[in-house]
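A.B. asks: need coordinates for the following:
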Amino acid sequence: MKRAFLIYNPVAGQENPATILGDIALKLSEHYQLTVVQTKPDVQPEELAKQALKEKADLIIASGGDGTVGAVAGVLVGTGVPLGIVPRGTANAFSVALGIPTHLDDPTGFQNAAADVILSGHTKEVDTALVTTSEVTDYPMILLMGIGYEAEMCDAADRDLKNALGPLAYVISGAQKLLTASNFKATVHVDGETAEGEVAAITVANAAPPFSVLAHGHTGECIYDDGKLEAIGYVAEEGGVTAKVSNVVNMARLFSGVMFSDDPVQNEEKIFGGRYSDIKIECDPPQKVVLDGELLGTTPVTARVLPSSLRVLVPPPAAPTAEESAEVVRKIAEQEGVDEAVAAIVVDKLGVPAAAKVVEDSQQVADKPVVASSTEQSR
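C.D. replies: From the prediction side, this is the model:
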């Protein structure tokens, strides 16, 4: 029987911690040799995770908010030991981004649903990043960092409001901060290129839930396993009451676009950015940096992606629909120049996901410029 360590933060959540712990431990102990350890004011999640690795844990489970999950994840980066998550925090942003059940899905039964995800055994390799600010060096990031407006928004969100409203507390705090938002000078270095300009906020994201609107606003999707970080800037209107109202309206449009559309927001004058692997940001004057929800110094700041560096237990992919299967069959037939009956046999043997990956890889090769393809072939 595999050995699992459950790192449990009893302060997280608003339920009875003893009852929830008992339910989770009972379910998991039927399938694992389970050791339960709890965080305390003087015992941090990182210490418990490091000790679990020393004791040869096959799996480490974090139960708490994003702070607990992020602390444990930071220890597991590069180890290959899977991370299981039973989310019990206010926002549970990492879980939401990865599709792990949270209180937003089922207010009463999400812990059991999250435990079922762990028991399914399905893992996914996701990216992480290392961030350096004025106060921390190579600090692991699993979610995102915010500079300027977004940092002020997170820093100002009231604890009682977060407990009562969850992620909506950040939206309210953000609306309040937009009324006083002002631009600052930023110099951004990305993958060997440099740009300068006036911005009110910069977000650098590895993974983000939909309510982190800047992380999704320019590219349309924040992808946590593409070996890149999303870097997005927002330019505020400056001036009197009209400018303040305009900022709130612009952000409301962005929020609506992110929540209800898969397309990127097309407003290059206000929202700009892209996907990069190495990022350095300098600001004048220096700006606060919020990293995975915690205020950790000021700019200058650097971020470097670590591709596929963390294994996480996530929900298994949904079975493909008949329409999706038929589309893959059609593409295989077209690509290989065979009858759909033959293509259907290939898809049946490979499985729809694997066959779809073959189609995708072949298309990427076909899309390469002739010069690039010729150069690779000559090597």
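A.B. asks: helices along the stretch 201-350 of the chain, start to end?
C.D. replies: Counting by DSSP state H, counting those that start in this stretch, one finds helices in the stretch 201-350 of the chain at the ranges 213-217, 241-260, 322-336, 340-350.
A.B. asks: need the residues that contact the last one.
C.D. replies: Among residues not part of helix 340-350, those counted as contacts by Cβ atoms under 8 Å, 6 or more residues apart in numbering are 325, 328-330, 332-333, 336, 355, 358. From N, CA and C alone the C-beta is placed, and that goes for glycine too.
A.B. asks: go with 10 Å
C.D. replies: Helix 340-350 has contacts (Cβ atoms under 10 Å, 6 or more residues apart in numbering) with 320, 325-326, 328-339, 354-359.
A.B. asks: nearest spatial neighbour of Pro317, skipping sequence neighbours?
C.D. replies: Pro353 (6.7 Å; Cβ to Cβ, 6 or more residues apart in numbering).
A.B. asks: doesn't the one you found lie inside a helix?
C.D. replies: Yes - counting by DSSP: H, G, I helix; E, B strand; the rest coil, Pro353 falls inside a helix.
A.B. asks: the chain should start at 30 in everything you say after this.
C.D. replies: Will do, 30 is the new start, and the previous item becomes Pro382.
A.B. asks: next one: it from Thr350, what distance?
C.D. replies: Per Cβ to Cβ, to the nearest Å, Pro382 is found 13 Å from Thr350.
A.B. asks: mind listing the residues bridging to the closest residue to Asn38 other than its chain neighbours?
C.D. replies: Using Cβ to Cβ, 6+ apart and skipping the chain neighbours, the partner closest in space to Asn38 is Gly93 (3.1 Å). Beta bridges link Gly93 to Pro116 when assigned by DSSP bridges.
A.B. asks: among the contacts of helix 369-379, which ones are buried?
C.D. replies: With burial judged by 16 or more other Cβ atoms under 10 Å, the buried subset of the contacts of helix 369-379 is 349, 354, 357-358, 360-362, 384-385, 387-388.
A.B. asks: need the residues you listed in JSON lines (columns: pLDDT and distance to Gly51).
C.D. replies: Compiled in JSON lines, the buried ones among the contacts of helix 369-379 are given as follows (pLDDT from 0 to 100; distance: Cβ to Cβ, whole Å):
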{"residue": "Pro349", "pLDDT": "83", "distance to Gly51": "38"}
{"residue": "Ser354", "pLDDT": "90", "distance to Gly51": "43"}
{"residue": "Val357", "pLDDT": "91", "distance to Gly51": "45"}
{"residue": "Val358", "pLDDT": "92", "distance to Gly51": "49"}
{"residue": "Lys360", "pLDDT": "91", "distance to Gly51": "50"}
{"residue": "Ile361", "pLDDT": "91", "distance to Gly51": "50"}
{"residue": "Ala362", "pLDDT": "91", "distance to Gly51": "55"}
{"residue": "Ala384", "pLDDT": "86", "distance to Gly51": "45"}
{"residue": "Ala385", "pLDDT": "85", "distance to Gly51": "42"}
{"residue": "Val387", "pLDDT": "82", "distance to Gly51": "47"}
{"residue": "Val388", "pLDDT": "82", "distance to Gly51": "48"}
